[in-house]
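In: Sequence plus predicted model, see below.
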Amino acid sequence: MHTVQENDPSNLLQRLIGLQQAFRHIPSDAIDHLAESLGLSRAFILGVIQFYSFLHSSPRGEYDILFSDNITDQMQGSRLLAQRLASKLGVDIGRTRDDQRVTLDYTSCTGMGDQGPAALVNGHPITRLTMERVDQLAALIEQAVPLDNWPAELFQVSAGVERRDIVLNSDYKPGTAILRCLEEGAEELLRRLEQAGLRGCGGAGFSTAKKWRFCASTESAERYVVCNADEGEPGTFKDRYLLQAHADRLFEGMTLCAAVIGARRGFLYLRGEYRYLLGPLQQILQQRRENGLLGQAILGRDGFDFDIDIHLGAGAYICGEESALIESLEGKRGIPRNRPPFPVTRGYLGMPTVVNNVETLANAALIAQQGVEWFRSVGTAQSPGSKLLSISGDCERPGIYEFPFGTPISEILAACQAHHTQAVQIGGAAGRLIPPAEFNRTLAFEDLATGGSFMVFNQSRELLNAIDNFTRFFRHESCGFCTPCRVGTAMLTKQLGKVMVGHATSKDLDELGTLGSLMRQTSHCGLGQTAANPILDGLEKFPDIFQSRLRSTSFEPAFDLDASLEEARAITGRSDPGAHLEGGGV
Amino acid sequence: MADKIRIATASLAGCFGCHMSLLDIDERLIDLVAHIEFDRTPLTDIKQIGRCDVGLIEGGVCNAENVEVLKAFRRHCNLLVAVGACAINGGIPAMRNQYSLTECLEEAYLHGSGIDQPQIPSDPELPLLLDQVHPIHDVVWIDYFLPGCPPSADTIFTFLDELLSGKPIRFAYRQIHYD
């Protein structure tokens, strides 16, 4: 009922991921074969391959190693570790060694911020990298030890729960919520979610009941439920924990949604970085099928047929945007659609689709089981319940924290034992940079909304490095569809680089501000609209970190003029006055 | 008009296409010269720039001389305008940026096809090449950017005309958009 036909074009991305794993790249003749069997053009397929970071048209090494390059990894020394591995293995970062043994590169945040520095080896996460571990990796690779025989402790991903509240303290019995829904009816479930005030936990905070109701009220033969497990926001890893420890709740939430909207098919869109969870998740799905919680006639109810497929992402942050995610589910490049129409009216294959975050769906299942009072027992009037935070950076106890909405930032910092905190980046790279003067603000949709990322920077950190890291991240992750974002993210990076190397003047800061607000106003989707946030927040909240790097002249060149002639001087052997340039601006 | 607007122009790492486009203003040049006069420009062959109101720069910055000319223009012009794709982005000459300068020179003067007496030129008369080609705003502050490859004669005329009128400069959509 639910399996995609092998030759369905919407299966393209999944087939490419399979080919990449089997052949370490997508062979040219495989592209021809796919083009013919799926009825797609070669150019379209190449476009998809080039779009996703984890797909390649030339072979990667037998060991394909990607170091997570989030700022929190860097703060834990990831760059030095990567360089050490590169020199041990005799390969440049970003290259494949001549004998095809190994490829080394950086990748965007892999969702291991609480146990970094982290890397992926052929898609498997390696955590808590140290110099010793890097040497161990180098030896394993040189000895060509198959990945299956690598020591298991390298791949240990710990749960890392540091604080539990109502959600993580609750037990959950699979099937309870579905049974209750079948007994009481979908309307009662919606009413309960409405009264509980459950809002989207991905960060946007849209009412879950309203979304489900919208979708259910559409005229359509088919409807779909999609769980957004493309947890790509740098510094977020709470969904990783939920998928690892509480997948049953999430699948139950999807099944409840299916019952409400009348969907027969659902998808879990799992980010490529979490591929290691694919096997365990599939086992849980299988178990649920065997227990009558998925498949035909769920819990014996005739006509209640629903099943879930897991689709993998392939290293594209933009696919966390719901309409880009749907494009990706359909096997295409993840380019955001025009909204409206929103997915609830035109989503997967043009059909009404509910897209919810992992935490939202898991909470929906718990609310159905535990009731409204239980959920509203914590939180604020506008933001009932609790929020899972992924805390990383400069604190003694990074990890997963569940806090009631309404908790002040200062309390969260005390709980994770952060000292001498200079700033908190809340909500990831696209979020907000919060100075100590605002630590009395609270975690809530009406104050500081977050998808769950909470990165702490102490006073010894150069904040501009974090801002630069986030800005580069957006340049890399821009889908390229609209000019303000594609060009703007590149210009921001360049302009900020000028500040970083000390060539900027106050005019350059004005330019950064103008460019940032232009991108905010004119970009096609949230990525471009928020890409300048780190810089704009920095300029507003931490002006000194920019000012202290400025030249006092009216304008300075963006590069060292005389140094840029060095190569030509070396080639020609010249040293006459004409072979030099005076530095400085005009 | 007593005080004519004084304009200087230069082609750095460009193809002179933008200058050709300036000349394409055709008979409107006659109206224009009633209001402007040229200082240093390839059109007058004046070599040293004097005090000017407006400097029009075509092309990016690829060598030491480009840097010096550009800085001289900035010192002498009240307004400096980047004219065309190469001045704004580096354009075609910047395609060499994906290779090292050594690779480029070796390909052009040593290993390329049909080369007699291979040698990389070196003479104090020749300006040294920068390791990368840069847009002009990487070197000096630029007040206006006129996009296009080249910007059409109409665009250049509109720019000068509006500038002379003292109004905020406005273009018809087609004059600065190419979609």
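Out: Looks like it arrived, so ask away.

In: Please count neighbours and contacts with C-alpha atoms only from this point.
Out: Will do.

In: show me the contacts for residue 77.
Out: Just going to use chain A. A:Gly77 is in contact with A:Pro117, counting by CA atoms under 8 Å, 6 or more residues apart in numbering or on different chains.

In: You answered for a different chain; I wanted chain B.
Out: Residues in contact with B:Cys77 (CA under 8 Å, 6+ apart) are B:Arg51, B:Cys52, B:Asp53, B:Val54, B:Gly55.

In: need these in JSON lines with distance to chain A and secondary structure, can you?
Out: Formatted as JSON lines, the contacts of B:Cys77 follow (distance: CA to the nearest CA, whole Å; DSSP: H, G, I helix; E, B strand; the rest coil):
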{"residue": "B:Arg51", "distance to chain A": "15", "secondary structure": "coil"}
{"residue": "B:Cys52", "distance to chain A": "16", "secondary structure": "strand"}
{"residue": "B:Asp53", "distance to chain A": "16", "secondary structure": "strand"}
{"residue": "B:Val54", "distance to chain A": "16", "secondary structure": "strand"}
{"residue": "B:Gly55", "distance to chain A": "15", "secondary structure": "strand"}
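
In: Show me which of those residues are buried.
Out: Buried subset of the contacts of B:Cys77 (neighbour count, 16 or more other CA atoms under 10 Å in any protein chain shown): B:Cys52, B:Asp53, B:Val54, B:Gly55.

In: right, and the second one touches B:Leu79 too?
Out: Translated: B:Asp53. Yes - if you go by CA atoms under 8 Å, B:Asp53 and B:Leu79 touch, sitting 6.2 Å apart.

In: Next one: the closest residue to A:Ser410 other than its chain neighbours from A:Glu233, what distance?
Out: Excluding the flanking residues, the one nearest A:Ser410 by CA to CA, 6 or more residues apart in numbering or on different chains is A:Phe439, at 5.1 Å. A:Phe439 is 22 Å from A:Glu233, where distance means CA to CA, to the nearest Å.

In: tell me the secondary structure for residue 141?
Out: No chain specified, so I'll use chain A. At A:Ile141 the chain is in helix, as set by DSSP: H, G, I helix; E, B strand; the rest coil.

In: my bad, the chain I had in mind was chain B
Out: Of the three states, B:Trp141 takes coil according to three-state DSSP.

In: residue contacts, it?
Out: A:Phe555, B:Arg74, B:Leu80.

In: Which one of A:Phe439 and A:Glu233 is surrounded by more residues?
Out: Between A:Phe439 and A:Glu233, counted using other CA atoms under 10 Å in any protein chain shown, the more crowded position is A:Glu233 (24 against 17).

In: Mind checking which of the contacts of B:Trp141 are buried?
Out: So, by 16+ other CA under 10 Å, the buried ones in the contacts of B:Trp141 are A:Phe555, B:Arg74, B:Leu80.

In: Tabulate those residues in JSON lines, adding columns for secondary structure, distance to A:Ser323 and pLDDT.
Out: Below are the buried ones among the contacts of B:Trp141 laid out as JSON lines (DSSP: H, G, I helix; E, B strand; the rest coil; distance: CA to CA, whole Å; pLDDT from 0 to 100):
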{"residue": "A:Phe555", "secondary structure": "coil", "distance to A:Ser323": "43", "pLDDT": "86"}
{"residue": "B:Arg74", "secondary structure": "helix", "distance to A:Ser323": "48", "pLDDT": "96"}
{"residue": "B:Leu80", "secondary structure": "strand", "distance to A:Ser323": "44", "pLDDT": "97"}
